[in-house]
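Q: Would you be able to build a 3D model of this:
(2 chains)
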Protein chains: 2
Amino acid sequence: MKPLRRAAILAVGSELLTPSKIDTNSLYLTERLNLLGIDLAFKSIIGDDRDELARAVQVALERVDLLVCTGGLGPTDDDVTREVVAGVLARPLREHASIADRIKARFEGRGLQMPEINRRQAMVPEGAQILENTKGTAPGLWIEEGDRVIVLLPGPPRELKPMVSALMDGLLKARASGDALVRRVIKITGRTESHTEEAVRPLYAEWASERVPVSATILASLGQIELHLSARGASIAEATTAVDAAVGEVAARLGLDAYSLDGQPLEQVVGELLRARSYRIALAESCTGGLIASRLTDVAGSSDYVTRGVVAYANDAKTDLLGVPAALIAEHGAVSEAVAVAMAKGIRASAGTEVAVGVTGIAGPGGGTPEKPVGTVAVAAIVGDTLRTRVFRFVGDRELIKFQASQAALDMVRRILQA
Amino acid sequence: MKPLRRAAILAVGSELLTPSKIDTNSLYLTERLNLLGIDLAFKSIIGDDRDELARAVQVALERVDLLVCTGGLGPTDDDVTREVVAGVLARPLREHASIADRIKARFEGRGLQMPEINRRQAMVPEGAQILENTKGTAPGLWIEEGDRVIVLLPGPPRELKPMVSALMDGLLKARASGDALVRRVIKITGRTESHTEEAVRPLYAEWASERVPVSATILASLGQIELHLSARGASIAEATTAVDAAVGEVAARLGLDAYSLDGQPLEQVVGELLRARSYRIALAESCTGGLIASRLTDVAGSSDYVTRGVVAYANDAKTDLLGVPAALIAEHGAVSEAVAVAMAKGIRASAGTEVAVGVTGIAGPGGGTPEKPVGTVAVAAIVGDTLRTRVFRFVGDRELIKFQASQAALDMVRRILQA
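A: Modelled structure (predicted):
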């Protein structure tokens, strides 16, 4: 049989078509499929609607050789995936005794009787193989249709993920080409998108002509640029070697501007640098409102190097907690390099750390003036004897300005640590 | 012409098919379309691939009367949406002089010359109407094809949103049925999903038999339960009246457990309660690492009531900045109700606010003990003369524990304020 190379994902569930819910299973699935050299051609989100789902399954089967459906395997009338797929393939559904027994046992193990509706979860299209669900009642299904494969998976991530892991070592691996698509995300600060492109573009032609070609895409958003590299090789090892070589070339060209060579967030990069030097850090934040401390403490083990932070939103907090003289604030304004430096020095004096940060700015939407418009942010970073400061003008809404300010402060620390 | 009732959204961009990017524009679009009584039949995410996109456009035009495409309107070769849609509709593309002039002027306004490739953005399929882009170079396009409409929008949210706002009052409103689907999201703490269901289920049958029926769905995640209500009426006013009446019935049954009756995040609800009472708040955080302060300061205008916060990660920070006696920490452990209370009292004493919060816990993955496993979090909230404390045991990973702890602390403040 031909190896599987192109996939589509259909996420099924009316809640995924409302303004407040999003399909995230497909991100995990994409990463796993890519590792087996399977590309994603498209993904679609469909409600609990027989007609729409049937049409989507038909179209997908024309376009791809692997169709993965997630969701719609529950016991209620809304859950139509099993029936619709069986219908499109014109295969009868039959109750599978051992599944029914397993579901019954699952309920009984919790002292409950199986509701009659759960019997629907034991219905299996003719010829399908059962994928065991270790975390819930709905089994997955693997259906071969000529050279194509249709996989039905439950929607809850904690049920889906173990099932996908099992497929990666079993049925799916056996049907994959042996190829692998490996990706790396390089994260960049301190350059525009076009300056990044300029620096990296000469490499593209080289990469394209390598035996294991590497391709690249640049994605820009406020506060960071990402360069996505990917290589398709005859094995995970071969693809990894190729993409890592390309990452090395990019790193050499971008120097300090590339802060992460494998997708790590900036807070993790800074954390690793602090840990490597046994440095500790303290934060004095105004407009970022605790976001820098919160990002740093999202990293496991950060209590080893994050000692304390102060969110000095009101001016008297800057004076009380950080020792910023009221006269300095009066002279320069709360949003000024002088105050950012005094905040950083103040928190360092109280914390006794090697590293300290001070950030003060105007996140908006109110509070701007002609000289200091919304988005003006002063950042000071101290590492040992080194002090750096800068005033930024960020654009975007309040949350984006907070994010960019936190990014700028963490990046300033990183650059001093890596210098 | 028939009113538009069923829409599909196609999000175009190869980056949206990688494991690290997600389409979020469709959430905003769905909410807006629903307000005009337009249901979403499905959404699909397609790479920068002419064949796949052409097929997706064809299929969508068979299924819906409004097709909204986002992305792929940039100036590079990867940006194929304009050309593919023109191709499927068999309409020639022609350069539109006034768009080219506007793009040129935009570049010149920033002291730059328009790169020749940007000329592609001035290409317009015959018969299309131009949707002005106030935030970028790519105009949107409105194309009528018989009774159906195809709308092409730029991918960046800050460019897309103003364009959609203009459509809501203009072209799109004129083609809508006049019906409206209005949704409300009620957010709930302090009950399980099944206890929420139990309390609300008796209302479902009543709602279903109303002249303007209301339907409901419950969605649960760690730290909050959401109840989504929706009503379709002959106008926004009619649907709003129906859904708001249902919201009122739910509110009466859930009492204080319903913290938000229209989807507002908890930090905004707490902020409004503080503002209404002219209270100010100060935060003393350990395991949440500044997340509570950061959430509160995500709300515009929060500088009116957020005065200061301390992130006391290290024990000496709890003593120095919050006056928590070292002996108290030694006696009870840093993660204890006694220390949470001392932290809240300490920050209140320094800030002089009416409201204060103290949070200390173990976010993990390390640091747990048999008596105090990972997820143990002590919270203290002070409002005026009222002090409440509680020790929680949260499950989930580090970020989820931080979120649940911040949620619990904000909710404790809310409940005292609303009592």
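Q: Can you tell me which residues in the stretch 201-350 of chain A are near chain B?
A: A:217, A:219, A:228, A:263, A:283, A:285, A:288-294, A:296-298, A:300-303, A:306-314, A:316-317, A:320-321, A:350 (Cβ under 8 Å from any Cβ of the partner chain). The C-beta positions use only the backbone N, C-alpha and C, and glycine is treated the same way.
Q: Please indicate which of those residues are buried?
A: Among these, those classed as buried by 16 or more other Cβ atoms under 10 Å in any protein chain shown are A:219, A:228, A:283, A:285, A:288-294, A:296-298, A:300, A:302-303, A:306-314, A:316-317, A:320-321, A:350.
Q: and the residue sitting furthest away from the middle of chain A, what helix or strand is that in?
A: The C-alpha centroid of chain A is most remote from A:Ala327, which lies 44.7 Å away (Cα atoms, centre = their mean). A:Ala327 is part of helix A:326-332 when elements are defined by DSSP states H and E.
Q: So which bits of the helix or strand that that helix is followed by are buried?
A: Counting by DSSP H and E, the next helix or strand C-terminal to helix A:326-332 is helix A:337-351. Using 16+ other Cβ under 10 Å as the test for burial, helix A:337-351 gives A:337-348, A:350-351.
Q: so can I have CSV of the residues you listed showing pLDDT?
A: Shown next, in CSV, are the buried residues of helix A:337-351 (pLDDT from 0 to 100):
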residue, pLDDT
A:Glu337, 97
A:Ala338, 98
A:Val339, 98
A:Ala340, 98
A:Val341, 98
A:Ala342, 98
A:Met343, 98
A:Ala344, 98
A:Lys345, 98
A:Gly346, 97
A:Ile347, 97
A:Arg348, 97
A:Ser350, 94
A:Ala351, 95
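Q: To what extent is the residue nearest to A:Ile9 when sequence neighbours are not counted buried, counted in neighbours?
A: Sequence neighbours aside, A:Lys43 is the residue nearest to A:Ile9 in space, at 4.1 Å (criterion: Cβ to Cβ, 6 or more residues apart in numbering or on different chains). Neighbour count of A:Lys43, defined by other Cβ atoms under 10 Å in any protein chain shown: 27.
Q: what's A:Lys43 sitting at in phi/psi?
A: phi -140, psi 150 (degrees, to the nearest 10).
Q: what's the answer for A:Leu66, then?
A: Phi and psi for A:Leu66, reported as degrees, to the nearest 10, are phi -130, psi 120.
Q: hmm, back to that, and the contacts of the helix holding A:Ala327?
A: A:315, A:318-319, A:338-339, A:342 (Cβ atoms under 8 Å, 6 or more residues apart in numbering or on different chains).
Q: Of these, just say which sits nearest to A:Leu152.
A: Using Cβ to Cβ, A:Lys318 is the member of the contacts of helix A:326-332 that sits closest to A:Leu152, with 58.1 Å.
Q: For the helix or strand containing the closest one, which helices and strands make contact with it?
A: According to DSSP H and E, A:Lys318 maps onto helix A:315-322. Under the contact criterion of 3 or more Cβ pairs under 8 Å, 6 or more residues apart in numbering or on different chains; DSSP states H and E, helix A:315-322 touches strand A:306-312, helix A:326-332, helix A:337-351, strand B:306-312, helix B:337-351.
Q: If we use 10 Å, what do you get?
A: strand A:281-285, strand A:306-312, helix A:326-332, helix A:337-351, strand A:355-361, strand B:306-312, helix B:315-322, helix B:337-351 (3 or more Cβ pairs under 10 Å, 6 or more residues apart in numbering or on different chains; DSSP states H and E).
Q: Output the lowest-mean-pLDDT helix or strand in chain A as PDB - backbone C-alpha positions only.
A: None of the helices or strands of chain A scores lower by mean pLDDT, DSSP states H and E than strand A:214-221, at a mean of 84. C-alpha atoms of strand A:214-221 as PDB (Å, rounded to 0.1, in the frame of the first residue of the first chain):
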ATOM      1  CA  VAL A 214      15.100  23.100   4.200                       C
ATOM      2  CA  SER A 215      12.300  25.600   3.800                       C
ATOM      3  CA  ALA A 216      11.600  28.800   5.700                       C
ATOM      4  CA  THR A 217       8.800  31.100   6.600                       C
ATOM      5  CA  ILE A 218       8.900  34.400   8.500                       C
ATOM      6  CA  LEU A 219       6.100  35.400  10.800                       C
ATOM      7  CA  ALA A 220       6.000  38.800  12.400                       C
ATOM      8  CA  SER A 221       3.900  40.100  15.300                       C
END
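Q: and the helix or strand just after it, how far out from the chain's middle?
A: Toward the C-terminus, strand A:214-221 is succeeded by strand A:224-233 as the next helix or strand (DSSP H and E). Centroid separation for strand A:224-233 versus its chain: 14 Å, with Cα atoms, centre = their mean, to the nearest Å.
Q: what does stretch A:410-417 give?
A: Centroid separation for stretch A:410-417 versus its chain: 23 Å, with Cα atoms, centre = their mean.
Q: That one and chain B, are they touching?
A: No. Judged by Cβ under 10 Å from any Cβ of the partner chain, stretch A:410-417 and chain B are separated, with a smallest distance of 13.2 Å.
Q: which stretches of the stretch 251-400 of chain A aren't confidently modelled?
A: Counting by pLDDT under 70, not a single residue of the stretch 251-400 of chain A qualifies.
Q: Quick check: which of the helices and strands packed on helix A:315-322 is nearest to A:Ile9?
A: The minimum distance between A:Ile9 and the helices and strands packed on helix A:315-322 falls on strand A:306-312, with 38.4 Å, by Cβ to Cβ.
Q: Put the alpha carbons of that closest one into CSV.
A: Extracted as CSV, the C-alpha positions of strand A:306-312 are listed here (Å, rounded to 0.1, in the frame of the first residue of the first chain):
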residue,chain,number,x,y,z
VAL,A,306,13.1,34.9,40.8
THR,A,307,13.2,36.4,44.3
ARG,A,308,10.7,39.2,44.3
GLY,A,309,8.9,41.8,42.3
VAL,A,310,7.1,45.0,43.0
VAL,A,311,4.1,46.3,41.0
ALA,A,312,4.3,50.0,41.8
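Q: Could you list the buried residues of the lengthiest helix in chain A?
A: Ranked by number of residues, the top helix in chain A under DSSP state H is helix A:398-418. Residues A:398, A:400-417 are the ones in helix A:398-418 that count as buried (16+ other Cβ under 10 Å).
Q: same thing with stretch A:320-332?
A: For stretch A:320-332, the buried set under the neighbour-count rule, 16+ other Cβ under 10 Å, comprises A:320-322, A:324, A:328-329, A:332.
Q: A:Ile99: which element?
A: Going by DSSP H and E, A:Ile99 is in helix A:97-109.
Q: Strand partners (parallel or antiparallel) of the least confident helix or strand of chain A?
A: Applying DSSP bridges, strand A:214-221 is found paired with strand A:224-233 (antiparallel).
Q: Heading C-terminal from the strand it pairs with, find the next helix or strand.
A: helix A:236-254.
Q: Which secondary structure elements does the following helix or strand past that next one sit against?
A: Note on helix A:236-254: by DSSP H and E, the next helix or strand toward the C-terminus is strand A:258-260. Using 3+ Cβ pairs under 10 Å, 6+ apart, the elements in contact with strand A:258-260 are strand A:180-188, strand A:224-233, helix A:236-254, helix A:266-277, helix A:398-418.
Q: For B:Pro202, which of these is the nearest?
A: Of all the helices and strands packed on strand A:258-260, helix A:398-418 sits nearest to B:Pro202, with 39.5 Å by Cβ to Cβ.
Q: What angle do strand A:224-233 and the closest one make with each other?
A: Counting by axes from the mean of the first three to the mean of the last three Cα atoms, to 10 degrees, helix A:398-418 lies at 70 degrees to strand A:224-233.
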